[in-house]
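> give me a model of this one.
(chains A and B)
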Amino acid sequence: ETGVTQTPRHLVMGMTNKKSLKCEQHLGHNAMYWYKQSAKKPLELMFVYSLEERVENNSVPSRFSPECPNSSHLFLHLHTLQPEDSALYLCASSPFFDSNEKLFFGSGTQLSVL
Amino acid sequence: SQKIEQNSEALNIQEGKTATLTCNYTNYSPAYLQWYRQDPGRGPVFLLLIRENEKEKRKERLKVTFDTTLKQSLFHITASQPADSATYLCALGGSQGNLIFGKGTKLSVKP
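Below you'll find the predicted structure:
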């Protein structure tokens, strides 16, 4: 195990639902990330938190709302999603942001939007 | 804009042979390059990091080269095994810390 746990592993939701993805890291890292992985596309960085402050938001639609209550937990709140939002959502952590540290990924949440 | 290309979507080789995966980039001067392995339904797992001033890095059966003139990294797996079958991702990193990932190459090692 990588020390980064994501729940749920699978999620099916309608376009009008509200759901949340959860990520927890047990590594004592200061930076946490949300990535989106769609079929045949590279990983896309969505959000970065460093010491619980958001430091990066890569033009992500407002229907995705991140929350970082402490350095060990990261949430992604979802509402009124579109079918094209179906993808694997990956959480990652690293000791610090703005360095060449390797990323530790969770197993991801496979999201299907109907 | 920055672009990363991993030479092929899929690579099939015979067990025991050396697998060579390519990562090319344009419009970017990375400070370092990382390689990850991803199995189906799992997140990527870090394998190796090589910095811009390093030519080669090795770890067990893995070898990575980095040519900043050619803007290319090669990733080799020697004496490949069926258990090496997975998707391999390259990622470029700059001074600002963000990683830019390639689409990955799916390697299949046949017994």
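> contacts only, for whatever residue of chain A ends up closest to chain B.
Minimum separation of chain A from chain B (Cβ to the nearest Cβ) falls at A:Phe105, amounting to 3.0 Å. For every residue, glycine as well, the C-beta is placed using N, CA and C. Contacts for A:Phe105 (Cβ atoms under 8 Å, 6 or more residues apart in numbering or on different chains) come out as A:2, A:4, A:35, A:90-92, B:43-45.
> now do the SS call for the residue of chain B found nearest chain A.
Nearest residue of chain B to chain A (Cβ to the nearest Cβ) works out as B:Gly43 at 3.0 Å. B:Gly43 falls in the coil class when you classify it by DSSP: H, G, I helix; E, B strand; the rest coil.
> how about the residues of chain A by chain B?
A:2, A:4, A:6, A:40-43, A:45, A:48, A:56, A:90, A:92, A:97-100, A:102-108, A:110 (Cβ under 8 Å from any Cβ of the partner chain).
> returning to that earlier point: list just the nearest of the contacts of A:Phe105 to A:Glu24.
A:Val4 (7.4 Å; Cβ to Cβ).
> correct me if wrong: that closest one contacts A:Ala92.
Yes - contact criterion Cβ atoms under 8 Å: A:Val4 and A:Ala92 qualify, at 6.7 Å.
> more neighbours: which of these two?
Counted by other Cβ atoms under 10 Å in any protein chain shown, A:Val4 and A:Ala92 do not tie: A:Ala92 has more neighbours, with 29 against 24.
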